[in-house]
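# have a look at this fold, sequence not included:
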């Protein structure tokens, strides 16, 4: 990695009080820290990021899904499938299940049936209810491919009934709102392929946003849905949270620093850093400096080079997040599965840095190199977990 200097505490204090904002912003863009790593490609990519609808959608926690109106357009699903998605969301709203549950239910139905109300080859002709295809399992029916113990044939072929049964079992899973989607879905479905649900999470969140007023950007606080407030122990319905509460003090690929592939977040030393979403740790190590030396157990300096102690995490949809300049060895190891909001380390100033902060990156297409880097600010805001210090 090719890192540049971090942001000093005096500069951060100026930014906090808003003194000489334009000048400070110009200085900050000259100071930040991390470049790209070598490419590291993995499988299981998500849906087309360009196909998200209603960009800039205002978050409205009280919006009620419309079952009869025009459906938004997604290349992955047609009108009938999106109406089934609307039914699933509406049932969750009627049951007062938090929006995180709608995302979990949608992702589950996307995996089980492709959001189609599936019959099976054993349904007698006399009970051949309207359906949208024939499933592969010999005794499973409907959107969630529920087996006979879930209800009668007619019940399991009724989308609202199957959604209700799913939610009833889901809310009994301990700490379901804070656990990875795959864990919760598997506790309900007991699938032969428990990890398959994760790949649908990002698209499920975008569908919830499109059908329910941006609800995937909400987080439950004291029993109320609040927009754009996911940080620390608070997880948005999308499954994302800000890695720490500090605002941006150096931006993404600015004019002055076009190779800066992330943003610097304001943080004092030893501020807890949280995983932005559930995923698998790819890298947790000390990044070599310009001389090739791994020297991360002390504060760095401008021009030293390297990301210091850092972590890369692979998330559903092929997203990767990177966390640089930790003060100590990370609290996670490669291959470890982490939950959204799980503490992975403490902020510091190791590597190429002139002051404590967190350098945070987001990459797409499972590409750890600079080619995969995108601006974390709009990405995190679209998921209800803003990193720019606003809510």
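On my side now, so go ahead. Since we're looking at a predicted model, the values are computed, not measured.
# so what pLDDT did the residue lying closest to residue 112 once chain neighbours are set aside get?
Taking C-beta to C-beta, 6 or more residues apart in numbering as the measure, residue 112 lies nearest to residue 145, with 4.3 Å between them; neighbours along the chain are not counted. For the C-beta atoms, the positions are set from N, CA and C on the backbone; glycine is no exception. What the model reports for residue 145 is a pLDDT of 91.
# so residue 145 sits right up against residue 113, yeah?
Yes - with contacts defined as C-beta atoms under 8 Å, residue 145 counts as touching residue 113 at a distance of 5.8 Å.
# packing partners for the strand or helix carrying residue 100?
Under the criterion of DSSP states H and E, residue 100 resides in helix 99-113. In terms of contact count using 3 or more C-beta pairs under 8 Å, 6 or more residues apart in numbering; DSSP states H and E, helix 99-113 is assigned the packing partners helix 79-94, helix 159-170, helix 181-189, helix 201-211.
# need the ones you listed in JSON lines with distance to residue 334 and mean neighbour count, can you?
As requested, the helices and strands packed on helix 99-113 are arranged in JSON lines below (distance: least, C-beta to C-beta, whole Å; neighbours: other C-beta atoms under 10 Å):
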{"stretch": "helix 79-94", "distance to residue 334": "36", "mean neighbour count": "21"}
{"stretch": "helix 159-170", "distance to residue 334": "31", "mean neighbour count": "21"}
{"stretch": "helix 181-189", "distance to residue 334": "19", "mean neighbour count": "22"}
{"stretch": "helix 201-211", "distance to residue 334": "22", "mean neighbour count": "28"}
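# mind putting the ones you listed in CSV, distance to residue 317 included?
Formatted as CSV, the entries for the helices and strands packed on helix 99-113 read as follows, by distance: least, C-beta to C-beta, whole Å:
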stretch, distance to residue 317
helix 79-94, 17
helix 159-170, 21
helix 181-189, 11
helix 201-211, 4
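# got these as TSV, with distance to residue 335 and mean pLDDT columns?
Shown next, in TSV, are those (distance: least, C-beta to C-beta, whole Å; pLDDT from 0 to 100):
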stretch	distance to residue 335	mean pLDDT
helix 79-94	34	97
helix 159-170	28	97
helix 181-189	16	93
helix 201-211	20	96
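# those: which one's closest to residue 72?
The closest approach between residue 72 and any of the helices and strands packed on helix 99-113, judged by C-beta to C-beta, belongs to helix 201-211 at 4.2 Å.
# okay, the angle between the closest one and helix 181-189?
Orientation check (axes from the mean of the first three to the mean of the last three C-alpha atoms, to 10 degrees): helix 201-211 against helix 181-189 gives 80 degrees.
# next, the buried residues of the helix or strand just after helix 201-211.
Once the chain leaves helix 201-211, the next helix or strand it forms, by DSSP H and E, is strand 218-221. Residues of strand 218-221 classed as buried by neighbour count (16 or more other C-beta atoms under 10 Å): 218-220.
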